[in-house]
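Trainee: Dropping a prediction and its sequence here:
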Amino acid sequence: MNPQIVRIARLLGVAPTDVQGLDGVPTPELRELHDQISTALFAGGHKRFAGMATLAGSLPGPAVAKIAERFLPAFLAARVAELLEPDKARDLVRRVSVGYLADIASALDPVRSRPVVQAIPAPRIGEVARELFARGEHGVVAEFVTVVDDDGLAAALAVAQPDDLVGIEPYLEYGSEAQRRVRAATG
C-alpha cells in the first residue's frame with residue numbers, strides 16, 4: 001500500500017484499508033491530497049489553535065504540560081504544537097510522557113511542525129522513536145526523516161532494531177532525500 005494512503009488514513013482517523021479508490025493515484029498527487037485534507041480539516045480551527053499556542057507560551061511549562069497531557073487529545077495537541085515557539089516546545093517535550101509525545105508525533109504534520117521538531121533535543125527524539133518503533137509506527141518515523149536534524153535522525157536510528165530499519169524502508173520514496181539520509185546515517 002502506498003505510504004501516502006496510510007498518511008491520509010491516519011489524518012482521517014480510519015484504517016488504511018478504509019481508504020478506497022486511490023490505489024492508482026501517483027504519489028505526488030496523494031501527498032498533495034493529504035495536504036489539502038489537512039488544510040480543510042484544521043483551517044477553521046487555526047485561530048483557536050494559535051490562541052492556545054499563545055496561552056501556552058505565557059504559562060509556566062509544568063502547568064501547560066500537566067494540563068495538555070490530561071485534557072488535550074493528541075490530535076489537538078499536535079495542531080497547537082505546530083504553532084508553538086520552538087523554545088516553548090523544547091521546554092514542554094521534557095515535561096510530558098514519551099507515550100503522549102508519540103501520540104502527538106503520529107498526528108503532527110511534519111512539514112508544518114519543522115521548527116518545533118527541530119527544537120526537540122536529540123535524546124528525546126530517540127526516546128519517542130523507540131516508542132513509535134515499539135508500536136510498529138514505522139510510517140510515522142519515516143515522515144520525520146527529512147524534518148529532524150542530523151543529531152535527531154542519528155538518535156532515532158540508534159534505537160532502531162534491524163526490523164525497524166526494514167519497516168521504514170517502504171515509506172521512503174526510492175531515490176528520495178529521506179532514503180539517502182537513512183542510508184547515510186546507518187552506513
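Mentor: Good, I have the coordinates.
Trainee: Neighbours of residue 163, how many?
Mentor: Residue 163 has 11 neighbours, counted by other CB atoms under 10 Å. Quick note: C-beta positions are derived from backbone N, CA and C, even for glycine.
Trainee: if you skip the residues just before and after it, what's nearest to residue 65?
Mentor: Leaving aside its chain neighbours, residue 65 sits nearest to residue 95 (3.5 Å; criterion: CB to CB, 6 or more residues apart in numbering).
Trainee: Likewise for residue 135?
Mentor: residue 102 (6.8 Å).
Trainee: Can you give me the distance of that neighbour to residue 156?
Mentor: Between residue 102 and residue 156 the computed distance is 12 Å (CB to CB, to the nearest Å).
Trainee: Give me the common contacts of those two.
Mentor: residue 128 (CB atoms under 8 Å, 6 or more residues apart in numbering).
Trainee: Looking at these two, which has the bigger crowd around it?
Mentor: Neighbours were counted for residue 102 and for residue 156 using other CB under 10 Å; residue 156 has more, 26 against 22.
Trainee: what sits against that one?
Mentor: Contact analysis of residue 156 by CB under 8 Å, 6+ apart lists 125-126, 128-129, 141, 144, 148.
Trainee: Now with 6 Å, please.
Mentor: Shown in contact with residue 156 (CB atoms under 6 Å, 6 or more residues apart in numbering): 125-126, 129.
Trainee: does residue 146 sit in a helix, a strand or a coil?
Mentor: Following DSSP: H, G, I helix; E, B strand; the rest coil, we place residue 146 in the coil state.
Trainee: related to what we said a few turns ago, the residue nearest to residue 65 contacts residue 63, correct?
Mentor: No: using CB atoms under 6 Å, residue 95 makes no contact with residue 63, being 9.5 Å away.
Trainee: who's more crowded, those two?
Mentor: residue 95 (15 against 11).
Trainee: How about the contacts made by the residue nearest to residue 135?
Mentor: Contact partners of residue 102, counting by CB under 6 Å, 6+ apart, are 128, 131-132.
Trainee: give me phi/psi at it?
Mentor: Per-residue torsions, residue 102: phi -60, psi -40 (degrees, to the nearest 10).
Trainee: Model confidence for it, exactly?
Mentor: Note for residue 102: predicted pLDDT of 94.
Trainee: Now for residue 21, how many residues are close by?
Mentor: Neighbourhood size, residue 21 [other CB under 10 Å]: 6.
Trainee: mind checking pLDDT for it?
Mentor: 91.
Trainee: Against residue 109, how distant is residue 83?
Mentor: Relative to residue 109, and taking CB to CB, residue 83 is found at 11 Å.
Trainee: ok now do residue 172, which residues does it touch?
Mentor: By CB under 6 Å, 6+ apart, the contact list for residue 172 reads 142, 178-179.
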